[in-house]
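[1] Give the three-dimensional model of this entry:
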Amino acid sequence: MIMHPRRVLLLYISEYSGHHSASLALEKALHSLDPKVETENINSFHYTNPILERIINKTYLGVVRRTPELWDYLYDNPKVVKSTQKLREMIHNFNTEKLKTLLDNFKPDCIICTQAFPCGMVADYKKTFSSNFRIVGVLTDYAPHSYWMYNNVEGYIVPADETGKKLIENGVDPARIFPFGIPIDEKFNSTFEGSAIFRKLSLEEDVPCALIMGGTQGLGPIKMMANLLDKSDMNIQMIIIAGTNKRLYDYLARRKKRFRKRVVLFSYAGNIEELMHISTVIVTKPGGITTAEALAKGLPMLIVNPLPGQEAMNTKYLLKEGVAVKAETPEEVVILLEELLYNKNKLTQMAMKARSISKPESSLKIARLALELAHI
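    Just a heads-up that it's a prediction; the model follows:
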């Protein structure tokens, strides 16, 4: 039995991303369940190899923006997975010295990974050095890819049962699969007074509100959608989050003065749960965390410009479950949004279904499992 306070290391590789948000939500849940738990929450790429981190992040963004069809080919392609195995092992080995320093100093009982790369890195380390820490891999998208598959991972957290079935098909022991959901902050499970939020944002309580987002980087045709919605005959107001896209934010900040409709603009919003609470529909690309947060708030989704790979698979799941509709163009966003606002019954059904498949207690369940594994 472990006598010292339990130590949990949380690893991700993308700063200011949904994966980072997931690790922060889990860290918060760990301390909520066990105030004595010791945690470290680390960007493993930046810690082990900051130069490689910059190269890979820049390359990834360039590919998904300019040649998304290439990312579609690379994502979970068995040939690519096999051909890059040696390269991944080489990178893991190259990072071993710094990783060893971290693990020797912190001595984690359990490691939680919200992305596949750090999961593979610590799984290879564990195999090489016969380490006894436990590993929990947290999948934040509805379709698992082959880069997650390792024999010495004690627990795989999946968003839905069908995600788990795909892991089983790839040889993962069903006993190691836990359909707890995508980890989100516990504040998305709170209740709010809508009137106070409307007043704070100077929005009208009786006018439908569209929450428009494009992920952390503010990707997608947000500029065009905002202009088209402003010119439309719909009685609507907009909350737009530009993320780290400064060019988009600056454009909208200038343009906002000429908008006919009420628009609230954020670069970053630390109160997404409040914004979702007062919104009628969210217009977004379907990142895993955004999706889980919207489901928890019972917020119907209008999906536009999903990235190939994981977001395309998320879209497929959300459409199948009846909690989202998909627009192919900014013009179609206007058409579908108008249809949704006209069809109140459909909006209500989508909201009810969203709540029914949401897993707002996910972070606490995952944290509880990690603490149990840390005791073994």
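[2] what are the ranges of the strands in the stretch 201-350 of the chain?
    209-213, 237-241, 263-266, 281-284, 301-304, 324-327 (DSSP state E, counting those that start in this stretch).
[3] Which among those strands is found nearest to residue 175?
    In terms of Cβ to Cβ, the element of the strands of the stretch 201-350 of the chain nearest to residue 175 is strand 324-327, at 32.2 Å. C-beta: built from backbone N, CA, C; applies to glycine.
[4] Centre of the chain to the closest one, how far?
    From the chain centre to the centre of strand 324-327 is a distance of 18 Å (Cα atoms, centre = their mean, to the nearest Å).
[5] Also stretch 160-167?
    Distance, stretch centre to chain centre, for stretch 160-167: 17 Å (Cα atoms, centre = their mean).
[6] likewise stretch 97-116?
    Offset of stretch 97-116 from its chain centre (Cα atoms, centre = their mean): 22 Å.
[7] What average pLDDT does that stretch get?
    The average pLDDT within stretch 97-116 is 92.
[8] on that earlier part again, tabulate the strands of the stretch 201-350 of the chain (a markdown table), appending mean neighbour count, distance to residue 178 and mean pLDDT.
    Shown next, in a markdown table, are the strands of the stretch 201-350 of the chain (neighbours: other Cβ atoms under 10 Å; distance: least, Cβ to Cβ, whole Å; pLDDT from 0 to 100):
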| stretch | mean neighbour count | distance to residue 178 | mean pLDDT |
| --- | --- | --- | --- |
| strand 209-213 | 24 | 29 | 97 |
| strand 237-241 | 24 | 31 | 98 |
| strand 263-266 | 18 | 34 | 96 |
| strand 281-284 | 26 | 27 | 98 |
| strand 301-304 | 24 | 25 | 97 |
| strand 324-327 | 21 | 25 | 98 |
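[9] so when I look at residue 101, I'm seeing a helix, right?
    Yes: checked against DSSP: H, G, I helix; E, B strand; the rest coil, residue 101 lies within a helix.
[10] Pull up the gap between it and residue 48, please.
    Going from residue 101 to residue 48 by Cβ to Cβ, to the nearest Å gives 10 Å.
[11] So which of the two has more stuff around it?
    Higher neighbour count among residue 101 and residue 48: residue 48, with 23 against 12, using other Cβ atoms under 10 Å.
[12] What distance do you get for that one to residue 330?
    According to Cβ to Cβ, residue 48 stands 40 Å off from residue 330.
[13] Centre-most residue in this protein?
    residue 289 (2.8 Å; Cα atoms, centre = their mean).
[14] my guess is that residue meets residue 20, correct?
    No: counting by Cβ atoms under 8 Å, residue 20 is not a contact partner of residue 289; they are 9.2 Å apart.
[15] that older thread, tell me the pLDDT of the residue nearest to the centre of the chain.
    94.
[16] give the contact list for it.
    By Cβ atoms under 8 Å, 6 or more residues apart in numbering, the contact set of residue 289 is 18-19, 21-22, 140, 182, 184.
[17] Just put the residues you listed in JSON lines and tack on distance to residue 173 and neighbour count.
    Listed next are the contacts of residue 289 as JSON lines, based on distance: Cβ to Cβ, whole Å; neighbours: other Cβ atoms under 10 Å:
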{"residue": "18", "distance to residue 173": "27", "neighbour count": "25"}
{"residue": "19", "distance to residue 173": "25", "neighbour count": "26"}
{"residue": "21", "distance to residue 173": "29", "neighbour count": "25"}
{"residue": "22", "distance to residue 173": "23", "neighbour count": "29"}
{"residue": "140", "distance to residue 173": "21", "neighbour count": "27"}
{"residue": "182", "distance to residue 173": "22", "neighbour count": "33"}
{"residue": "184", "distance to residue 173": "27", "neighbour count": "33"}
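[18] can you name the two of these that are farthest apart?
    Between any two of the contacts of residue 289, the greatest separation by Cβ to Cβ is 12.3 Å, found for 19 and 184.
[19] Next, count neighbours for residue 369.
    Neighbours of residue 369 using other Cβ under 10 Å come to 19.
[20] neighbouring contacts of the host helix or strand of it?
    Counting by DSSP states H and E, the element that carries residue 369 is helix 362-375. By Cβ under 8 Å, 6+ apart, the residues outside helix 362-375 that reach it are 1-2, 6-8, 25-26, 28-30, 32-34, 37, 109-110, 112, 134, 136, 138, 154-155, 157, 178, 180-186, 292, 359.
[21] Now do the end-to-end distance for stretch 24-44.
    Using Cα to Cα, to the nearest Å, one end of stretch 24-44 lies 14 Å from the other.
[22] just stretch 324-335 next, same as before
    End to end - Cα to Cα - stretch 324-335 spans 14 Å.
[23] ok, now stretch 215-235?
    26 Å.
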